[in-house]
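*Asks:* Build me a structure from this.
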Amino acid sequence: MTALVNQQIVLASRPAGEATVDNFRLQTSTVDPDALADGQVLVRIHYLSLDPYMRGRMNEGRSYAQPQPLGEVMIGGTAGEVIASRNPNFAVGDQVVGMGGWQQYQLVERHQRGVLQKVDTTHVPLSAYLGAVGMPGVTAWVGLHTIVEPKAGETVVVSAASGAVGSVVGQLAKARGCRAVGIAGGPEKCAYVTGALGFDACIDYKAHGDLKSLARALKEACPDGIDGYFENVGGVILDAVMLRMNAFGRIAMCGMISGYDGQPIPMANPALILVSRLKVQGFIVSERMDLWPAALKELGGMVASGRLKYRETIAHGLENAPEAFLGLLKGRNFGKQLVKLV
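*Replies:* You can find the predicted model right below:
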């Protein structure tokens, strides 16, 4: 086998406000499958995962993760196939997931233990291991279980309800006997949330231009108030939900996509945290690795049996990853955003 050309996308510059395609650069390197050192594994990446957290890592400021270094391959989850191996734990043909980043091939060193995980694609498609049975699905499971703690008969609301995380939150809440209410942008997404995903109701935030209108819509969709809220957006949506939270409600702070461009996100009425005795807690799923096995077991079983529905938006070709990523930040995707390389 001759040396392979490996296309890669690196972070060329840090965004000043809104991210643009100019913040990224396409470059090439080479990798020789016949020249692997002892212990190395070479993976051909089939799918890249695009996720909102990547926008935060493009900045240099303080966050829960280290900034993406300039000039290095953009970080990100990947799924692919082993095409060469000098490691006894991996064979050619193994289907694997890891953090290969925005590139066509991933070379894993002997000392990088645990960065590749073999997956079974008999009943769960490879791409689903980057979505419903991957980090987004586990994020939904962990936030719901450890913070929202839903009980049968309660009302659980989730923003970005048609997305990779939100769609799983609502379906898990329904499976636990709750009333699930989504918030999404546009009639098509809302129809998907209540139709295919089985939520009890979905509010189109684009049809409600101010806090009062959104709060009124939430009151209609949640006649008994809101017991648990899974936050992916922030801003006016959070303000409206807080107005409807029941006493001792629980809010899992997962994402604040409305502020990823760096602008502050003021809270209209923080006194409601005290008045309603709310629990508001942020979490990072990578800090709860102890819960991943239980989460993946349930999620994998639900996807394999068809009880957990999911949808994917797929861009084709590495060169289209930046545009697809910027579209994700604008809500142009439907469900999990992936880039297919093979």
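
*Asks:* Give me the most central residue, the protein.
*Replies:* By CA atoms, centre = their mean, the mean C-alpha position of the chain lies nearest to Pro136, the distance being 4.0 Å.

*Asks:* so is that one in a helix, a strand, or just coil?
*Replies:* On the three-state scheme (DSSP: H, G, I helix; E, B strand; the rest coil), Pro136 is labelled helix.

*Asks:* try the one 4 residues further on
*Replies:* The three-state label for Ala140, taken from three-state DSSP, comes out as helix.

*Asks:* How about Ile45?
*Replies:* Taking three-state DSSP as the rule, one finds Ile45 in the strand state.

*Asks:* and it, bridged to which residues?
*Replies:* Here Ile45 sits in beta bridges with Gly80, going by DSSP bridges.

*Asks:* Please tell me I have it right and it contacts Trp102.
*Replies:* No - under the criterion of CB atoms under 8 Å, Ile45 makes no contact with Trp102, lying 9.0 Å away. No exception for glycine: its C-beta is placed from N, CA and C like everyone else's.

*Asks:* the domain parsing of this protein - what is it?
*Replies:* Domain assignment for the chain, taken from automatic domain parsing, gives 4-131+310-340, 135-286.

*Asks:* ok now the shortest one, how far from the chain's centre?
*Replies:* Taking CA atoms, centre = their mean, to the nearest Å, one finds domain 135-286 lying 15 Å from the centre of the chain it belongs to.

*Asks:* Use 26 as the first number for this chain going forward.
*Replies:* Sure, I'll start numbering at 26, so the last one becomes domain 160-311.

*Asks:* So what pairs up with the nearest residue to Gly195 once chain neighbours are set aside in the strands?
*Replies:* The shortest distance from Gly195 to any non-neighbouring residue, by CB to CB, 6 or more residues apart in numbering, is to Ala205 (4.1 Å). Here Ala205 sits in beta bridges with Val181, going by DSSP bridges.

*Asks:* Quick one: find the helix or strand in this protein with the lowest mean pLDDT.
*Replies:* The helix or strand of the chain with the poorest confidence is helix 78-82; it has a mean of 88 (mean pLDDT, DSSP states H and E).
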